[in-house]
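**Student:** quick one: sequence plus predicted model below, questions after.
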Amino acid sequence: MAPFDNLLHPGSLVYFLVFLLIGMGFGAILEMSGFGDSRKLAAQFYFKDMTVLKVMFTGIVVASVLIFLSSSLGLLNYDRIWVNPTYLWPEIVGGLIMGVGFIVGGFCPGTSVVAAATLKLDGIIFVLGGLFGVWAFGESVGSFEGFFYSSSYGRLTLFDWLGISPGVVILLVTLMALAMFYLAEIAEAYFGEPKQAISWRPRNTLKMSAAALLVTACGLMLVLGQPSPEDKWARLQSNWSKNLTDREVYVHPGEVLELKKNASIAVRILDVRSEADYNLFHIAGAQRFDPAEIVNSATVNRLVSAPGNTVFFLISNGEEASTLAWKGLKASGVLNLYIIGGGINKWLEVFPPEPCLLAKAEDKSSGHGQFPYDFRYAVGDQSRAAHPDSIRPQPWLKCPEITQTDPATAATWLPTSRWFAPPMYEKKVKLQRKVAVKGGCG
Amino acid sequence: MNGNARPYLNPYVGGALLGVLLFLTFFITGGGLGASAGLNRVQVAVLDFLAPAHVDRVGYMAEMGGGSRNPLNNSTVFMLLGTVLGGALSGWSNGRLKLEIRKGPHIGNGTRLILAFIGGFIMVYGARLARGCTSGQALTGGAVLSAGSWAFMFAVFGGAYGLAWFLRRVWN
């Protein structure tokens, strides 16, 4: 299933050629549409020549319909493609500044490159000005980094924002574009030189059939819908079910602890147990998710837009619930996703809690998926087992049988005293890169 | 010479071709089209040649060309190179490859070139602030329905239309 970005290794000849060819197509299409001519571009803003609007919105609608239709048909995994992250205010302010630059200079960056390539001197000078602009940005961005990273919403799509299906959004976008094309034709006839008679009724059958085709494609997309996490798992499971059967994604608690100490890796533990179990005991920093809620698009978006060095670990009492959540999240495109093998039971076995917290000795006879440790009260993460990497004694624990004044027992607080057996495990976590190719402007 | 130039493509046909190309780009690479990131890397490469220590010190540039990193070994640079080649080939085969200045009838060449420089400066500065230009944000982000890209698109058109009236003598 597309995209095939895993075949594109930076520096290889294929990588070079693929992007060179894409660029050539891009440059040729822009040139053939007349985008090398600043007067034609600027005429857009005087309603004389609406080519910019027509080309851009036709391009957006056609690409959009093809992308989401191929996603509906299971040919393309939308979760794996680059969606420009939303930084709302920087984008709006940057857009306004660009609008000013557009009308002053007569180009946008892409079109100026094409103009320069066809030896338009104003295009060449614009590119030169652009190089100085980008340099000035690099020098100055440090002084307003707060704004540059403000209003960040991650991978926010119009359909998530509006809470409607992608098909409906694309239908609306298509209808909006068609309405704009209709108005653009009228504007060109009215403001253009020479003035033409306005035809209020569109007569061109070719254009009408193309419009009908686009709307039909939107309809088809609405009928098919977008694949659910279950559909995606069904399509993709051949890639990953081996990871589960070979237990490649089941990680030993010791490795989780090791990675938590690694400053270049951000560990996030996703706890999919019930709230009662979570309150009773959870690993320090673990966040609880309802297993039914974890594959909804809002959660998935937050996980997908996490920094590239994030490793996620799912944990449940045993492995059943976490494996189910793993399948859903994996199919939704969450990278660097692992399961803590044996769940919380194994964790507590490796990193035993203070004996005083337990009402009775551990009962190993209780079955898988159950929480065998009977904590005296809900300790949350207030136990040494919750953060075995902590080097400080935890004075908030009131254990009657351990007093901190007694040096012999106080020593048992410290990990240096090895209150847990140094775990032996096989390293399984391999940090996987995010989609390597961002939008050309990423 | 303009008499030899072939007419431009019908905008809807051009747009449809652009849409198909954008789709194929996503289908193959998982990413979209763009130009300003390539320009950014060219700039960093030039500066890295002139003042490598400075590139290492400025965080935004060091990310691309700091230390032994080669800012040019990046997909956006190849795409930019392709855009230049594709544009030149198309211009040449359609009789539009010609050294000239395109401007409104009421301004001189000097004014046009100064405005082009200023416009380019403002444009690409804004593009980096918005994390993408008309191709990388509006077109690419618009097609995958990124909410921010749509806000961006309306801002670009808003900015240009808002100022167009004041600059009408430049273009008409």
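**Tutor:** On my side now, so go ahead.
**Student:** so where's chain A shaky on pLDDT?
**Tutor:** Across chain A, the ranges flagged by pLDDT under 70 are A:1, A:5-6, A:359-373, A:390-422, A:433-442.
**Student:** max-length helix in it?
**Tutor:** helix A:166-191 (DSSP state H).
**Student:** helix or strand right after it?
**Tutor:** Counting by DSSP states H and E, the next helix or strand C-terminal to helix A:166-191 is helix A:205-224.
**Student:** which strands or helices does that following helix pack on?
**Tutor:** The helices and strands touching helix A:205-224, judged by 3 or more C-beta pairs under 8 Å, 6 or more residues apart in numbering or on different chains; DSSP states H and E, are helix A:51-72, helix A:166-191, helix B:11-29. Any C-beta I mention is one placed from the backbone N, CA and C, and that applies to glycine too.
**Student:** most packed of those?
**Tutor:** helix A:51-72 (a mean of 25; mean count of other C-beta atoms under 10 Å in any protein chain shown).
**Student:** that one and chain B, are they touching?
**Tutor:** Yes: Helix A:51-72 is in contact with chain B by C-beta under 8 Å from any C-beta of the partner chain, via A:51, A:54-64, A:66-67, A:70.
**Student:** A:Ser140 is in what secondary structure piece?
**Tutor:** For A:Ser140, the element it lies in under DSSP H and E is helix A:121-140.
**Student:** which elements pack onto that helix?
**Tutor:** Judged by 3+ C-beta pairs under 8 Å, 6+ apart, the packing partners of helix A:121-140 are helix A:38-43, helix A:88-105, helix A:109-117, helix B:36-50, helix B:59-65, helix B:109-129.
**Student:** out of the ones you listed, which is closest to A:Lys427?
**Tutor:** Between A:Lys427 and the helices and strands packed on helix A:121-140, the shortest separation by C-beta to C-beta is 29.0 Å, and it involves helix B:59-65.
**Student:** which residues are in contact with the worst-scoring helix or strand of chain B on mean pLDDT?
**Tutor:** When each helix and strand of chain B is scored by mean pLDDT, DSSP states H and E, helix B:59-65 comes last, with a mean of 83. Helix B:59-65 has contacts (C-beta atoms under 8 Å, 6 or more residues apart in numbering or on different chains) with A:137-138, A:141-142, B:40-41, B:44-45, B:47-48, B:52, B:54-56, B:71, B:74.
**Student:** returning to that earlier point: now render the helices and strands packed on helix A:205-224 as a markdown table, adding distance to B:Tyr60.
**Tutor:** Formatted as a markdown table, those follow (distance: least, C-beta to C-beta, whole Å):
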| stretch | distance to B:Tyr60 |
| --- | --- |
| helix A:51-72 | 28 |
| helix A:166-191 | 33 |
| helix B:11-29 | 24 |
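**Student:** which of those sits closest to A:Leu244?
**Tutor:** Relative to A:Leu244, the nearest member of the helices and strands packed on helix A:205-224 by C-beta to C-beta is helix A:51-72, separated by 24.8 Å.
**Student:** point out the other helices and strands that that closest one packs with.
**Tutor:** Packing partners of helix A:51-72 (3+ C-beta pairs under 8 Å, 6+ apart): helix A:38-43, helix A:166-191, helix A:205-224, helix B:11-29, helix B:140-143.
**Student:** buried ones in the helix or strand that the third one is followed by, by neighbour count?
**Tutor:** For helix A:205-224, the succeeding helix or strand toward the C-terminus, using DSSP H and E, is helix A:229-245. Of the residues in helix A:229-245, those buried by neighbour count under the rule 16 or more other C-beta atoms under 10 Å in any protein chain shown are A:Pro229, A:Lys232, A:Trp233, A:Leu236, A:Trp240, A:Asn243, A:Leu244.
**Student:** how about the residues of the stretch 151-300 of chain A by chain B?
**Tutor:** A:153, A:155-161, A:166, A:169-170, A:173, A:181, A:207, A:210.
**Student:** make it 10 Å
**Tutor:** Neighbours of chain B within the stretch 151-300 of chain A, by C-beta under 10 Å from any C-beta of the partner chain: A:151-162, A:166, A:169-170, A:173, A:177, A:181, A:184, A:193, A:204, A:206-207, A:210-211, A:214.
**Student:** give me the buried entries from those residues.
**Tutor:** Buried subset of those (neighbour count, 16+ other C-beta under 10 Å): A:153-161, A:166, A:169-170, A:173, A:177, A:181, A:184, A:207, A:210-211, A:214.
**Student:** what number of residues lie near the spatially closest residue to A:Val65 that is not a sequence neighbour?
**Tutor:** With sequence-adjacent residues excluded and distances taken as C-beta to C-beta, 6 or more residues apart in numbering or on different chains, A:Val65 is closest to A:Ala217, at 4.8 Å. Here the count is done by other C-beta atoms under 10 Å in any protein chain shown, and A:Ala217 has 20 residues near it.
**Student:** just the buried residues from the contacts of helix B:59-65, in ChimeraX please.
**Tutor:** Burial among these is assessed by 16+ other C-beta under 10 Å; the matching ChimeraX selection reads:
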select /A:137,138,141 /B:40,41,44,45,47,48,55,71,74
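**Student:** nearest to A:Met221, of the contacts of helix B:59-65?
**Tutor:** B:Asn74 (33.8 Å).
**Student:** hmm, that closest one is touching B:Gly34, no?
**Tutor:** No: counting by C-beta atoms under 10 Å, B:Asn74 does not reach B:Gly34; the two are 11.2 Å apart.
**Student:** any chance of the buried residues of helix A:229-245 in a markdown table, plus distance to B:Thr134?
**Tutor:** Listed next are those as a markdown table, based on distance: C-beta to C-beta, whole Å:
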| residue | distance to B:Thr134 |
| --- | --- |
| A:Pro229 | 34 |
| A:Lys232 | 32 |
| A:Trp233 | 38 |
| A:Leu236 | 34 |
| A:Trp240 | 38 |
| A:Asn243 | 41 |
| A:Leu244 | 44 |
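**Student:** most widely separated two among those residues?
**Tutor:** Farthest-apart pair in the buried residues of helix A:229-245 is A:Pro229 and A:Asn243; separation 16.8 Å (C-beta to C-beta).
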